[in-house]
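S.K.: sequence plus the predicted model coming up.
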Amino acid sequence: MRRLRHTLVVGVAAFAVAACSSKPSEAPPPTISPAAAADSPVAAQPPDGEVRALRGRGLTTVFDRGTSTLVVLTGDAAAGSTLTLMPARGPARTVALPAPVTALTGDDDGTVYGSSRGGYVRVELAGGVVDPVRIDDAADVDFTAITRRADGRLALGSADGAVYTLGSDSAVTARLKIFARVDALAAQGNTVVVLDRGQTSVTTVSASGEDSEHALRAGEGATTIAADPEGRVLVADTRGDELLVFGSDPLMLRQRFPVGGAPYGLAGGSRLTWVSETATNTVIGYDLATGIPVEKVRHRTVQQPNSLAYDDAADTLYVVSGSGAGVQVITVASAS
């Protein structure tokens, strides 16, 4: 019944828009209320592993394999954004950013990129050097998502529903505007996958960036997306309590599995796929190799485990709290 109700909501919205628009191509895509992470309870038991202090609430995180550094984004539009750099050994460092940043991606070779209004910032981790980059003819664009393709080209998504594919640091080679909003991007090879929470959909963008290739509904309320080393695209259906696993070439739903507790945080590895349950302060490692996800291990987490990153080589899982409870480091994470 719940699936039927959502279908009806979308259908009614689509009818209303069509009735009011003289040109269907100009009508915005129908949407539903976007899903979000659950408000986590206070952790009832101590989290597994070690917890490191973090100033502020973690917004998102990436792990840079080239420098073995966890990069955590904190801050907001009012207070500004900060990156906290946590190497595998040694003290953490903070890097103040010149503008509020909404999302992160990296090249796994010592550089991370953060989307911001009008462009992005490039940060060299070794020296903490910050280089703001303005995208041509996009000064007023609110960029909400960013990813890096295998060929090194960046793609950014905007609040008004467009994907910008760059051909150089600042030049736009393609702009595809067909979404309600671009909430997150992931890349497998040179294929960019768009997550639109309002449409609870995933869409692949061609290598040229000029066309969409395939689009699929993603559960009842998809919230987060991640690419894994095995060529899969992972999506958390937080409202529907499911893990969705897609192939990207072509876009195809290959696996879906019930995950209670409002799944949200995602991280992919060569051995296990990690999913956090924000309603229960838990992270679970699943083996996807057999075609049906099999739970292998679960860990107690810090409160509000919204963001995950995984160091595949060291088998270390990082859980970043969205409520200010710090960064949890779980070594030998795949061991049960």
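M.R.: Perfect, thanks for sending it. Numbering: from 1, shown residues only.

S.K.: hey, let's count contacts and neighbours off CA atoms from now on
M.R.: Noted.

S.K.: helices of the stretch 201-336 of the chain, start to end?
M.R.: If DSSP state H, counting those that start in this stretch is used as the criterion, the stretch 201-336 of the chain turns out to lack helices entirely.

S.K.: so where's it uncertain?
M.R.: 336 (pLDDT under 70).

S.K.: go again with 90.
M.R.: Counting by pLDDT under 90, the stretch 201-336 of the chain contains low-confidence ranges at 290-291, 336.

S.K.: which residues in it form strands?
M.R.: Taking DSSP state E, counting those that start in this stretch as the criterion, the stretch 201-336 of the chain contains strands spanning 201-205, 212-217, 222-227, 232-237, 242-248, 251-258, 263-268, 273-277, 282-287, 294-300, 305-311, 316-321, 327-330.

S.K.: just the angle between the fifth one and strand 212-217, please?
M.R.: Pointing back at strand 242-248 there. With axes from the mean of the first three to the mean of the last three C-alpha atoms, to 10 degrees as the basis, strand 242-248 and strand 212-217 are set at 160 degrees to each other.

S.K.: for residue 197, which non-adjacent residue is closest in space?
M.R.: What sits nearest to residue 197 in space, not counting adjacent residues and going by C-alpha to C-alpha, 6 or more residues apart in numbering, is residue 34, at 5.2 Å.

S.K.: ok, that neighbour - how many residues close by?
M.R.: Applying other C-alpha atoms under 10 Å, we find 16 other residues in the vicinity of residue 34.

S.K.: I'd like to know how far it sits from residue 89.
M.R.: In this view, residue 34 and residue 89 are 39 Å apart by C-alpha to C-alpha, to the nearest Å.

S.K.: follow-up on the earlier one: so the residue nearest to residue 197: helix, strand or coil?
M.R.: For residue 34, the secondary-structure state derived from DSSP: H, G, I helix; E, B strand; the rest coil is coil.

S.K.: pull the contacting residues for it.
M.R.: Residue 34 makes contact with 197-200, 221-223, according to C-alpha atoms under 8 Å, 6 or more residues apart in numbering.
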